[in-house]
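1. return atomic coordinates for the entry below.
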Amino acid sequence: MEAKIEEKNLKPGKVYFPGMNGIRFFAAFSVILHHIEQTKFWINDPVTNRYPNIWQTMFCDNIGHKGRIIFFVLSGFLITYLFLAEIRKTGSLNLQKFHTRRALRVWPVYILVVLFAFAILPLYTNILQSDGTSFNSELYDGYWIKFAVVVLMLANFARFIFEPILGVTQLWSIAVQEQFYMVWPFLTRFFKNHFLRFVIIFIIFKVSMEIMMKMYLENYSVYPNSIITQPRLVTLIKWWEIFAVDQLAIGALCAYILINNIRKVLDFIYHPMVISIFILIYIYLFFIKVDFYGHTFVEGVIAAVLMMNISTNAKFPVKLENRVFNYLGNISYGIYLFHNICIISVLNLLIYYTNFSENAFLFNVLLYSGSMIATLILSGLSYKYVENYFLRKKGKYEVIKSSRNEKEEPTP
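-> Alright, predicted model coming up:
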């Protein structure tokens with residue numbers, strides 16, 4: 001199909017999707033709630049229950065995962081859209097320019113957070129786990145190995161090798177995306193003439209492998225294996241699930257559908273009945289344990305349909321396009337990277353320098369408000385004084401200019 005790129009999405013000189021910044025912010029905000037309760041769970045003594053939490057509730061577990069899924073789908077959509085637009089404009093895809101852009105966008109703040117978490121955070125915090133052991137002592141056991149694994153974008157492996165490393169536990173999802181984008185632009189260029197078929201096969205392969213491994217686990221006693229033991233199989237399944245490249249590819253599929261203006265699919269996505277059904281399913285999945293076969297695919301599709309309606313359907317009633325959401329979306333990368341450092345800092349302050357831990361209500365009000373305020377301040381400073389510097393440099397390597405703000409002019 002040789003449909004043209006819609007002008008509302010590919011304006012002269014830049015690509016911009018209204019509402020994306022709002023989506024970014026709400027995804028980042030949901031992850032903060034998730035990690036505050038997770039951290040309280042890690043430090044809570046189950047006997048005294050001094051720091052009660054809702055970590056093991058379905059809603060708390062799901063809200064963070066769904067925020068991360070939105071990030072994955074949105075990332076796959078935006079980056080692949082730019083890939084396809086560049087191929088349409090130039091006939092190819094400049095891999096060197098992409099990896100330079102990606103490094104300038106992702107690495108500076110990522111490295112800053114890793115250095116802070118490993119070198120500075122332990123100097124002024126001493127959070128204890130529920131069994132009384134210090135997170136700092138765990139950190140210093142194999143310190144340089146842990147540092148190397150995290151700093152080299154292998155944090156998704158660190159989840160299964162080490163105990164939680166405070167301040168960087170969220171970086172596993174950044175690592176998954178970076179591993180994906182090491183090969184995705186090459187594959188997009190290689191399969192540019194058969195991209196739709198390729199991306200569908202890619203998604204089917206990823207989801208099928210997950211389903212087959214789970215089926216094998218259920219029947220492991222019938223077909224035992226001395227190499228892939230049952231504990232190893234469980235770990236492999238968990239790793240394969242968080243290696244959610246199918247969700248990134250779902251976003252990429254949406255990019256292909258939109259840039260080629262495939263009306264039958266778009267009309268289906270934009271249909272009021274379809275939207276209503278997907279919203280109801282999305283709400284329902286907040287309150288059940290989401291571990292059925294192919295759940296990463298199902299949740300990715302739901303996130304994709306909602307994202308497409310918010311950002312590309314003019315008739316969709318929910319609008320996330322205003323000055324506040326644009327700003328919060330712009331700093332959302334910092335929000336995602338810095339929020340755990342802020343949670344630990346505020347938590348340490350409340351535990352060791354106040355007596356508020358005796359009052360659960362006041363403790364939680366201060367923990368939530370303090371963590372969010374600190375995260376917004378730190379993310380805003382990062383965006384202004386660190387990210388903007390590298391974003392200006394990144395603009396020099398853009399073939400298709402993109403904008404994070406409708407009023408923002410493309411970087412010269």
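2. can we go C-alpha only for contacts and neighbour counts from here?
-> Will do.
3. which secondary structure elements does the one helix or strand R197 maps to sit against?
-> Using DSSP states H and E, R197 maps to helix 195-218. The contact analysis (3 or more CA pairs under 8 Å, 6 or more residues apart in numbering; DSSP states H and E) places helix 195-218 against helix 230-242, helix 245-259.
4. export the longest one to PDB, keeping only CA atoms.
-> Presented in PDB, the C-alpha positions along helix 245-259 are these (Å, rounded to 0.1, in the frame of the first residue of the first chain):
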ATOM      1  CA  VAL A 245      10.200  -7.100  22.900                       C
ATOM      2  CA  ASP A 246       6.800  -8.300  21.700                       C
ATOM      3  CA  GLN A 247       5.400  -5.100  23.200                       C
ATOM      4  CA  LEU A 248       8.000  -3.000  21.500                       C
ATOM      5  CA  ALA A 249       7.100  -4.800  18.200                       C
ATOM      6  CA  ILE A 250       3.400  -4.200  18.800                       C
ATOM      7  CA  GLY A 251       4.200  -0.500  18.900                       C
ATOM      8  CA  ALA A 252       6.200  -0.900  15.700                       C
ATOM      9  CA  LEU A 253       3.200  -2.600  14.000                       C
ATOM     10  CA  CYS A 254       1.000   0.400  15.000                       C
ATOM     11  CA  ALA A 255       3.600   2.700  13.400                       C
ATOM     12  CA  TYR A 256       3.400   0.700  10.100                       C
ATOM     13  CA  ILE A 257      -0.400   0.800  10.100                       C
ATOM     14  CA  LEU A 258      -0.500   4.600  10.700                       C
ATOM     15  CA  ILE A 259       2.300   5.600   8.300                       C
END
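5. of the helices and strands packed on helix 195-218, which is nearest I120?
-> Nearest of those to I120, taken as CA to CA: helix 230-242 at 28.6 Å.
6. ok, G76 touching A252?
-> Yes: counting by CA atoms under 8 Å, A252 is a contact partner of G76 at 4.9 Å.
7. so which of the two has more stuff around it?
-> Per other CA atoms under 10 Å, whichever of G76 and A252 has more neighbours is A252, with 29 against 26.
8. quick one: contacts of stretch 102-115?
-> With contacts defined as CA atoms under 8 Å, 6 or more residues apart in numbering, stretch 102-115 is touched by 147, 150-151, 167-168, 334, 337-338, 382, 386-387, 390-391, 393-394.
9. hmm, back to that, quick check: mean pLDDT of the helix holding R197?
-> Averaged across helix 195-218, pLDDT comes to 96.
10. would you mind listing the buried residues in it?
-> Buried residues in helix 195-218, counting neighbours by 16 or more other CA atoms under 10 Å, are found at 195, 198-199, 202-203, 206-207, 210-211, 213-214, 216-217.
11. what segments of the chain are strands?
-> Secondary structure of the chain (DSSP state E): strands at 10-11, 14-15.
12. I344 is nearest to which of the helices and strands packed on helix 195-218?
-> I344 lies closest, by CA to CA, to one member of the helices and strands packed on helix 195-218: helix 230-242, at 23.9 Å.
13. helices or strands up against the closest one?
-> Using 3+ CA pairs under 8 Å, 6+ apart: helix 230-242 touches helix 155-161, helix 195-218.
14. how far does the longest one sit from the chain's center?
-> Read that as helix 195-218. Mean-position distance between helix 195-218 and its chain equals 21 Å (CA atoms, centre = their mean, to the nearest Å).
15. same deal with stretch 292-300?
-> Relative to its chain's centre, stretch 292-300 lies at 16 Å (CA atoms, centre = their mean).
16. how many residues are close by I279?
-> Counted by other CA under 10 Å, the residues lying close to I279 total 16.
17. what's the answer for the one 3 residues further on, then?
-> Residues near Y282, counting by other CA under 10 Å, number 17.
18. hmm, back to that, in terms of mean pLDDT, which of the strands of the chain ranks lowest?
-> Averaging pLDDT over each of the strands of the chain singles out strand 10-11 as the lowest, with a mean of 46.
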